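Chemist: Provided below for reference: sequence and predicted model.
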Amino acid sequence: MAQKIRVIIPAYNEGKAIGKVITNIPPHVNEIIVVDNNSNDDTEKIARQLGATVLTELKKGYGSACLKGINYLNQKKEKTDIVVFIDGDFSDYPEDLVKITKPIIEKDIDFVIGSRTKNLREKGSMQPQQIFGNWLATLLMRFFFKSKFTDLGPFRAIKFQTLLALKMQDPNYGWTIEMQLKILRQNWSYKEIPVKYRNRIGVSKVSGTFKGSIFAGIKILTLIFKYKFK
């Protein structure tokens with residue numbers, strides 16, 4: 001029996017990109033959920049026109065938008081087997097969803113992350129502070145948790161029941177690493193799949209600002225040490 005796959009796209013002012021993301025998601029996906037994080041552009045309008053389910057989360061924060069999507073799925077009568085998270089800026093290649101869900105479908109892996117490996121990244125697609133932050137975070141995870149993660153990439157697939165068991169909480173910058181740390185602490189199976197990565201459309205709300213980069217870095221390091229000594 002085919003697995004039911006639903007995609008959650010947290011989006012804040014992604015009107016120029018959201019249509020490209022939605023239209024490039026493979027057709028076998030059962031539902032595309034765009035969580036509009038209080039945008040003031042036409043993100044919501046475009047997403048609805050293209051057939052996506054649109055939710056509104058007024059509380060700002062990447063994690064808040066993702067949590068809104070999870071809560072929606074948890075209340076649905078229809079079964080969800082796999083949840084895929086992808087950003088709304090078109091930096092990832094939505095068609096790679098097939099690659100990152102394959103280990104779950106064929107090998108019963110719990111969690112798969114799309115790894116933005118250097119040889120597949122478009123020049124300039126990751127800022128220096130992102131590259132350093134990824135390196136430091138994954139180094140610490142290897143040291144403290146014997147992790148094999150090499151990236152904190154936002155393009156990821158996870159069994160829905162595993163996702164619920166993680167009891168995700170972080171409302172903003174720590175969302176991605178919280179998921180990975182809980183996967184490690186709870187001994188769920190995981191795998192990385194190399195994926196292509198390009199320059200995003202528009203300016204990043206995190207790495208594109210000095211304030212965002214600093215806060216994200218602090219949150220990531222705080223969570224790593226929290227879960228190490230928890």
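Modeler: Nice, I can see it. Computed from a predicted structure; not experimentally measured.
Chemist: leaving out chain neighbours, which residue sits closest to the residue most central in space within the chain?
Modeler: By Cα atoms, centre = their mean, the chain has its centre lying nearest to Pro154, at 3.1 Å. Once flanking residues are discounted, Pro154 sits nearest to Asp87: 5.1 Å by Cβ to Cβ, 6 or more residues apart in numbering. The C-beta positions use only the backbone N, C-alpha and C, and glycine is treated the same way.
Chemist: ditto for Asp36
Modeler: Glu44 (4.6 Å).
Chemist: what packs against the helix or strand containing Leu73?
Modeler: For Leu73, the host element (DSSP states H and E) is helix 62-75. Applying 3 or more Cβ pairs under 8 Å, 6 or more residues apart in numbering; DSSP states H and E, we find helix 62-75 packed against strand 5-11, strand 31-36, strand 53-56, strand 82-85, helix 160-166, helix 175-185.
Chemist: got a list of contacts for the next helix or strand after the longest one?
Modeler: Looking back up the chat, that one is helix 175-185. The C-terminal neighbour of helix 175-185 among helices and strands, as given by DSSP H and E, is strand 190-194. Strand 190-194 is contacted by residues 96, 99-100, 102-103, 107, 109-115, 117, 120, 148-151, 180, 183 when judged by Cβ atoms under 8 Å, 6 or more residues apart in numbering.
Chemist: hey, C-alpha coordinates of the helix or strand in which Gln130 is found in PDB?
Modeler: According to DSSP H and E, Gln130 maps onto helix 128-145. Provided in PDB are the C-alpha atoms of helix 128-145 (Å, rounded to 0.1, in the frame of the first residue of the first chain):
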ATOM      1  CA  PRO A 128      29.900  31.800   5.600                       C
ATOM      2  CA  GLN A 129      28.200  31.900   9.000                       C
ATOM      3  CA  GLN A 130      25.800  29.100   7.900                       C
ATOM      4  CA  ILE A 131      28.700  26.900   6.800                       C
ATOM      5  CA  PHE A 132      30.600  27.600  10.000                       C
ATOM      6  CA  GLY A 133      27.500  27.100  12.100                       C
ATOM      7  CA  ASN A 134      26.700  23.700  10.400                       C
ATOM      8  CA  TRP A 135      30.300  22.600  10.900                       C
ATOM      9  CA  LEU A 136      30.400  23.500  14.600                       C
ATOM     10  CA  ALA A 137      27.000  22.100  15.400                       C
ATOM     11  CA  THR A 138      27.600  18.800  13.700                       C
ATOM     12  CA  LEU A 139      31.100  18.600  15.200                       C
ATOM     13  CA  LEU A 140      29.700  18.900  18.700                       C
ATOM     14  CA  MET A 141      26.900  16.400  17.900                       C
ATOM     15  CA  ARG A 142      29.600  13.900  16.800                       C
ATOM     16  CA  PHE A 143      31.600  14.600  19.900                       C
ATOM     17  CA  PHE A 144      28.700  14.400  22.400                       C
ATOM     18  CA  PHE A 145      26.300  12.000  20.800                       C
END
